[in-house]
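K.L.:
3D model of this:
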Amino acid sequence: MDLPTYEEFAAFIKNQKGNSAPGPSRFRYSLLIHATQPIWEAMHIITCICLLLDGVPRQFKFANLFPIPKSSGLLI
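P.N.:
Predicted coordinates for the structure are as follows:
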């Protein structure tokens with residue numbers, strides 16, 4: 001697998017919706033979207049390291065899932 005270039009990484013971040021729910025870290029895409037270039041460069045390096053090592057730190061894998069009721073849809 002080829003590592004993403006910085007340009008590919010930046011394009012991916014720019015195309016994400018900023019209204020996603022944060023995980024346990026309370027970190028939102030909107031924070032990353034508006035971050036400075038040095039932050040993006042650091043995140044790109046971390047992403048590449050994770051891909052090179054073929055692993056993700058255990059703390060990155062934790063998530064909280066909450067059901068969000070919708071006003072329309074099937075009732076179960």
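
K.L.:
Going by C-alpha atoms from here, please, whenever you check contacts or count neighbours.
P.N.:
Fine.

K.L.:
Now the longest helix belonging to the chain: average pLDDT?
P.N.:
Ordering each helix of the chain by length in residues (DSSP state H) puts helix 37-53 first. For helix 37-53, mean pLDDT is 90.

K.L.:
which residues touch it?
P.N.:
Leu3, Pro4, Tyr6, Phe9, Ala10, Leu32, Val56, Pro57 (CA atoms under 8 Å, 6 or more residues apart in numbering).

K.L.:
Among those residues, name the buried ones.
P.N.:
Neighbour counting over those (16 or more other CA atoms under 10 Å) leaves Phe9, Ala10, Leu32 as the buried ones.

K.L.:
The last one against Ile13, yeah?
P.N.:
Yes. Leu32 lies in contact with Ile13 (CA atoms under 8 Å); the separation is 7.5 Å.

K.L.:
Could you export the longest helix of the chain as PDB, CA atoms only?
P.N.:
Extracted in PDB, the C-alpha atoms of helix 37-53 (Å, rounded to 0.1, in the frame of the first residue of the first chain):
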ATOM      1  CA  GLN A  37      -0.600  23.700   8.300                       C
ATOM      2  CA  PRO A  38       1.900  22.500  11.000                       C
ATOM      3  CA  ILE A  39      -0.900  20.600  12.700                       C
ATOM      4  CA  TRP A  40      -1.900  19.000   9.400                       C
ATOM      5  CA  GLU A  41       1.700  18.100   8.700                       C
ATOM      6  CA  ALA A  42       2.000  16.400  12.100                       C
ATOM      7  CA  MET A  43      -1.300  14.500  11.600                       C
ATOM      8  CA  HIS A  44      -0.100  13.400   8.100                       C
ATOM      9  CA  ILE A  45       3.100  12.100   9.700                       C
ATOM     10  CA  ILE A  46       1.200  10.200  12.400                       C
ATOM     11  CA  THR A  47      -1.100   8.800   9.700                       C
ATOM     12  CA  CYS A  48       1.800   7.600   7.700                       C
ATOM     13  CA  ILE A  49       3.500   6.000  10.700                       C
ATOM     14  CA  CYS A  50       0.300   4.100  11.600                       C
ATOM     15  CA  LEU A  51       0.100   2.800   8.000                       C
ATOM     16  CA  LEU A  52       3.800   1.900   7.900                       C
ATOM     17  CA  LEU A  53       3.500   0.000  11.200                       C
END
